[in-house]
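[1] sharing a model that was predicted from the sequence below.
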Amino acid sequence: MTKTKRLRELISAPDLLVLYPAHDALSARIAERAGAKALTVGGFAASGVLLGEPDSSQLTATELAKFYAGICASVDIPVFVDADTGFGGVTNVIRTVKDFERAGTAGLFLEDQRFPKRCGHTPGKDVIPVDEMVPKLKAALDSRTDENFVIMGRTDALGVLGIEEAITRANLYLEIGCDIVFVEAPETTSQMRRICEEVEGPLLANMVDGGRSPMLTAQQLEELGFAVAVWPVASVLIVSRALESLYRTLRATGSTVSLHSQMVDFEEYMEIVGLPDLRERESRYGS
């Protein structure tokens, strides 16, 4: 089964799909070993990993396609990714979809923020008019070569124009053919419940640690009516804290011994990155 078809099946299944967060090939492999059925990689994490910068439209579509390709090649499960605003108009969206498909992703989402976008849980964002967003989504839907490739429409209208406009946009994006939609940054459980009741199709819940939305469990989100949930920044946030601890300890003590209990050991790391499989492949060819 293709990764695109698998992702589509997971979204339509009765149980909530948790897309585990990854921010590079190593975290993707660790998530897969931990039992993830599918992964997500967002622009917030990509901007931090590749640039050490905030999520603010600094990465190009080409840079992201290459980044995503490395992650997709490292795992056997579907990877769902962030395509920001599509990196321009209709023509740019078409190229983005084709490039991300070739990279091996199983789906992507496009958002209706005005370029340059901001992280959806930060102030100062704006949205483009509906009559600018709809052609971009239609172009994305028409340009995919694999009919199972998942296209999600995201709206940031709630924080700019209110919940009624956000729900209207979400339903419109479903009506024109999006497979799933995403209303960014509801601020109360009541808003989340209303979105699930009034949006007529599959919905994604975005659990941003430290963000504007209530942090609910997977079970609570499923009970509200969401089909998919993501914790997109969790992996890069926890790794940042672990690295801070490492560097401070090394500076203070001149050693990493006190941190050994927090590390995977050398042999386990070699298992994670697939050294035994590599050696087995080499032996088949007589190396």
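    Now that the structure is in, tell me what you want to look at.

[2] how much space separates Thr40 from Ser27?
    Applying CB to CB, to the nearest Å, the value for Thr40 to Ser27 is 11 Å. In short, each C-beta sits where N, CA and C put it, glycine included.

[3] which residue ranges make up the domains of this structure?
    Using automatic domain parsing, the domain parsing of the chain gives 3-239, 256-287.

[4] compare those and report which one is nearest to Leu246.
    Closest approach to Leu246 among the domains of the chain (CB to CB): domain 256-287, 6.3 Å.

[5] so how far is that closest one off the chain centroid?
    Computed by CA atoms, centre = their mean, to the nearest Å, the separation of domain 256-287 from the middle of its chain amounts to 28 Å.

[6] what's the average pLDDT for whatever helix or strand Asp131 lives in?
    For Asp131, the element it lies in under DSSP states H and E is helix 130-143. The pLDDT scores in helix 130-143 average 98.

[7] can you list contacts of that helix?
    86, 89-91, 93-94, 96-98, 108, 110, 112, 127, 151, 153, 169, 172-173, 176-178 (CB atoms under 8 Å, 6 or more residues apart in numbering).

[8] do that again at 7 Å, thanks
    For helix 130-143, contacts defined as CB atoms under 7 Å, 6 or more residues apart in numbering pick out 86, 90, 93-94, 97-98, 110, 112, 151, 153, 169, 172-173, 176-178.

[9] and for stretch 168-182?
    11, 109, 112, 130, 134, 137-138, 141, 150-155, 157, 183, 199-204, 206, 227-228.

[10] only the buried subset of these, as a PyMOL command please.
    In PyMOL, selecting the buried portion of those, with burial taken from 16 or more other CB atoms under 10 Å, looks like this:
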select buried, resi 11+109+112+134+137+141+150+151+152+153+154+155+157+183+199+202+203+204+206+227+228
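
[11] which ones among the contacts of stretch 168-182 map onto strands?
    When the contacts of stretch 168-182 are checked against strands (DSSP state E), the matches are 109, 150-155, 183, 204, 206, 228.

[12] hey, C-alpha coordinates of the helix holding Asp131 in CSV?
    C-alpha atoms of helix 130-143 as CSV (Å, rounded to 0.1, in the frame of the first residue of the first chain):
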residue,chain,number,x,y,z
VAL,A,130,-11.4,33.9,0.2
ASP,A,131,-11.4,34.7,-3.6
GLU,A,132,-7.6,34.6,-3.4
MET,A,133,-7.4,31.4,-1.4
VAL,A,134,-9.9,29.3,-3.3
PRO,A,135,-8.0,29.3,-6.6
LYS,A,136,-4.8,28.2,-4.7
LEU,A,137,-6.6,25.3,-3.2
LYS,A,138,-8.2,24.3,-6.5
ALA,A,139,-4.8,24.5,-8.2
ALA,A,140,-3.3,22.2,-5.5
LEU,A,141,-6.1,19.7,-5.8
ASP,A,142,-5.8,19.6,-9.6
SER,A,143,-2.1,19.4,-9.8
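
[13] what packs against the helix or strand harbouring Ala65?
    For Ala65, the host element (DSSP H and E) is helix 61-74. If you count contacts as 3 or more CB pairs under 7 Å, 6 or more residues apart in numbering; DSSP states H and E, helix 61-74 packs onto helix 25-33, helix 43-51, strand 79-82, helix 90-102.

[14] now those in JSON lines, with distance to Ser255 and mean pLDDT?
    Shown next, in JSON lines, are the helices and strands packed on helix 61-74 (distance: least, CB to CB, whole Å; pLDDT from 0 to 100):
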{"stretch": "helix 25-33", "distance to Ser255": "24", "mean pLDDT": "98"}
{"stretch": "helix 43-51", "distance to Ser255": "27", "mean pLDDT": "96"}
{"stretch": "strand 79-82", "distance to Ser255": "37", "mean pLDDT": "98"}
{"stretch": "helix 90-102", "distance to Ser255": "44", "mean pLDDT": "98"}
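
[15] out of those, which is the most enclosed?
    strand 79-82 (a mean of 26; mean count of other CB atoms under 10 Å).

[16] identify the residues contacting that strand?
    With CB under 7 Å, 6+ apart as the criterion, strand 79-82 contacts 7, 19, 38-43, 68, 71-72, 100, 105-109, 150.

[17] now with 6 Å?
    19, 39-43, 68, 71-72, 105-108 (CB atoms under 6 Å, 6 or more residues apart in numbering).

[18] can you redo the residues you listed as JSON lines with distance to Thr2?
    Converted to JSON lines, the contacts of strand 79-82 look like this (distance: CB to CB, whole Å):
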{"residue": "Leu19", "distance to Thr2": "17"}
{"residue": "Leu39", "distance to Thr2": "16"}
{"residue": "Thr40", "distance to Thr2": "18"}
{"residue": "Val41", "distance to Thr2": "19"}
{"residue": "Gly42", "distance to Thr2": "23"}
{"residue": "Gly43", "distance to Thr2": "25"}
{"residue": "Tyr68", "distance to Thr2": "16"}
{"residue": "Ile71", "distance to Thr2": "17"}
{"residue": "Cys72", "distance to Thr2": "12"}
{"residue": "Thr105", "distance to Thr2": "12"}
{"residue": "Ala106", "distance to Thr2": "8"}
{"residue": "Gly107", "distance to Thr2": "12"}
{"residue": "Leu108", "distance to Thr2": "16"}
